[in-house]
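# After the sequence you'll find the predicted model.
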Amino acid sequence: MRKIVKKRQLLKMKNRDMFKKYKKHILRVLSELISDIDELLERQPYCKYIEKIKTTSATYMGASGLNSNDSDSNEHHLEQMIEFCLDIQKTVEAFSENMVWFK
(Lines give C-alpha, C1' and ligand atoms only; values in the text may rest on other atoms or scores of the structure.)
Protein backbone atom coordinates (compact mmCIF):
# COMPACT_ATOMS: atom_id res chain seq x y z
CA MET A 1 0.00 0.00 0.00
CA ARG A 2 2.86 2.39 0.78
CA LYS A 3 4.31 1.87 -2.69
CA ILE A 4 1.03 2.87 -4.33
CA VAL A 5 0.76 6.01 -2.20
CA LYS A 6 4.38 6.89 -2.91
CA LYS A 7 3.86 6.38 -6.67
CA ARG A 8 0.80 8.65 -6.59
CA GLN A 9 2.75 11.32 -4.74
CA LEU A 10 5.61 11.10 -7.25
CA LEU A 11 3.16 11.31 -10.15
CA LYS A 12 1.49 14.39 -8.63
CA MET A 13 4.90 16.02 -8.15
CA LYS A 14 5.91 15.17 -11.72
CA ASN A 15 2.64 16.58 -13.12
CA ARG A 16 2.99 19.70 -10.98
CA ASP A 17 6.57 20.23 -12.15
CA MET A 18 5.59 19.66 -15.77
CA PHE A 19 2.70 22.13 -15.45
CA LYS A 20 5.02 24.75 -13.96
CA LYS A 21 7.50 24.22 -16.77
CA TYR A 22 4.93 24.43 -19.58
CA LYS A 23 2.29 26.58 -17.87
CA LYS A 24 2.26 29.41 -20.41
CA HIS A 25 2.11 27.00 -23.33
CA ILE A 26 -0.66 24.90 -21.78
CA LEU A 27 -2.74 27.97 -20.98
CA ARG A 28 -2.25 29.36 -24.48
CA VAL A 29 -3.40 26.07 -26.04
CA LEU A 30 -6.40 25.89 -23.71
CA SER A 31 -7.26 29.49 -24.59
CA GLU A 32 -7.14 28.64 -28.31
CA LEU A 33 -9.48 25.69 -27.78
CA ILE A 34 -11.95 27.78 -25.79
CA SER A 35 -11.81 30.41 -28.52
CA ASP A 36 -12.71 27.74 -31.10
CA ILE A 37 -15.69 26.71 -28.96
CA ASP A 38 -16.74 30.36 -28.61
CA GLU A 39 -16.69 30.68 -32.42
CA LEU A 40 -18.88 27.60 -32.66
CA LEU A 41 -21.36 29.20 -30.25
CA GLU A 42 -21.60 32.31 -32.47
CA ARG A 43 -23.00 30.24 -35.37
CA GLN A 44 -26.65 29.75 -36.16
CA PRO A 45 -28.69 28.17 -34.61
CA TYR A 46 -26.55 27.91 -31.46
CA CYS A 47 -26.41 31.65 -30.88
CA LYS A 48 -30.22 31.69 -30.73
CA TYR A 49 -30.65 28.87 -28.23
CA ILE A 50 -27.49 28.68 -26.11
CA GLU A 51 -25.78 31.20 -23.88
CA LYS A 52 -22.27 30.93 -22.53
CA ILE A 53 -22.47 31.27 -18.77
CA LYS A 54 -18.84 31.10 -17.79
CA THR A 55 -15.43 29.63 -18.45
CA THR A 56 -13.33 28.63 -15.47
CA SER A 57 -10.00 26.91 -15.91
CA ALA A 58 -10.80 23.97 -18.22
CA THR A 59 -14.57 24.13 -17.67
CA TYR A 60 -16.92 25.59 -20.27
CA MET A 61 -20.44 26.24 -19.03
CA GLY A 62 -23.46 27.07 -21.16
CA ALA A 63 -27.22 27.07 -20.78
CA SER A 64 -30.17 26.58 -23.08
CA GLY A 65 -33.87 27.31 -22.70
CA LEU A 66 -33.37 30.71 -21.11
CA ASN A 67 -35.49 32.54 -23.71
CA SER A 68 -38.91 31.45 -22.46
CA ASN A 69 -40.72 34.14 -24.53
CA ASP A 70 -39.79 32.46 -27.79
CA SER A 71 -42.08 29.45 -28.39
CA ASP A 72 -39.63 28.04 -30.96
CA SER A 73 -36.84 27.96 -28.38
CA ASN A 74 -39.05 26.02 -25.95
CA GLU A 75 -39.29 23.21 -28.47
CA HIS A 76 -35.70 23.07 -29.66
CA HIS A 77 -33.36 24.28 -26.93
CA LEU A 78 -32.46 20.83 -25.60
CA GLU A 79 -31.93 19.44 -29.08
CA GLN A 80 -29.66 22.37 -29.92
CA MET A 81 -27.66 21.89 -26.71
CA ILE A 82 -27.08 18.24 -27.59
CA GLU A 83 -26.01 19.21 -31.13
CA PHE A 84 -23.71 21.88 -29.69
CA CYS A 85 -22.08 19.34 -27.35
CA LEU A 86 -21.54 16.95 -30.26
CA ASP A 87 -19.98 19.76 -32.28
CA ILE A 88 -17.74 20.63 -29.32
CA GLN A 89 -16.58 17.02 -29.33
CA LYS A 90 -15.77 17.25 -33.06
CA THR A 91 -13.95 20.55 -32.47
CA VAL A 92 -11.82 19.04 -29.70
CA GLU A 93 -11.01 16.01 -31.85
CA ALA A 94 -9.96 18.21 -34.79
CA PHE A 95 -7.98 20.44 -32.45
CA SER A 96 -6.18 17.42 -30.98
CA GLU A 97 -5.34 16.05 -34.42
CA ASN A 98 -3.74 19.36 -35.38
CA MET A 99 -1.62 19.42 -32.24
CA VAL A 100 1.50 17.42 -33.07
CA TRP A 101 2.64 17.16 -29.45
CA PHE A 102 -0.88 16.19 -28.26
CA LYS A 103 -0.51 12.62 -29.49
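Sure thing, it's come through.
# okay, now His25: neighbour count?
10 (other C-beta atoms under 10 Å). Every residue, glycine included, has its C-beta placed from N, CA and C.
# Quick check: closest non-adjacent residue to the most centrally placed residue in the chain.
The centre of the chain sits closest to Tyr60, judged by C-alpha atoms, centre = their mean, with a distance of 5.0 Å. Leaving aside its sequence neighbours, Tyr60 sits nearest to Ile37 (C-beta to C-beta, 6 or more residues apart in numbering; 5.9 Å).
# Confirm Ile53 sits in a strand?
Yes: assessed with DSSP: H, G, I helix; E, B strand; the rest coil, Ile53 lies in a strand.
# which residues touch it?
61-63 (C-beta atoms under 8 Å, 6 or more residues apart in numbering).
# Work out the gap between the helix or strand where the residue nearest to Tyr60 lies and the centre of the chain.
Taking DSSP states H and E as the criterion, Ile37 maps to helix 2-42. Relative to the chain's own centre, helix 2-42 is displaced by 13 Å; criterion: C-alpha atoms, centre = their mean, to the nearest Å.
# low pLDDT regions in this protein?
Across the chain, residues meeting the criterion (pLDDT under 70) sit at 1-11, 13, 68-75, 100-103.
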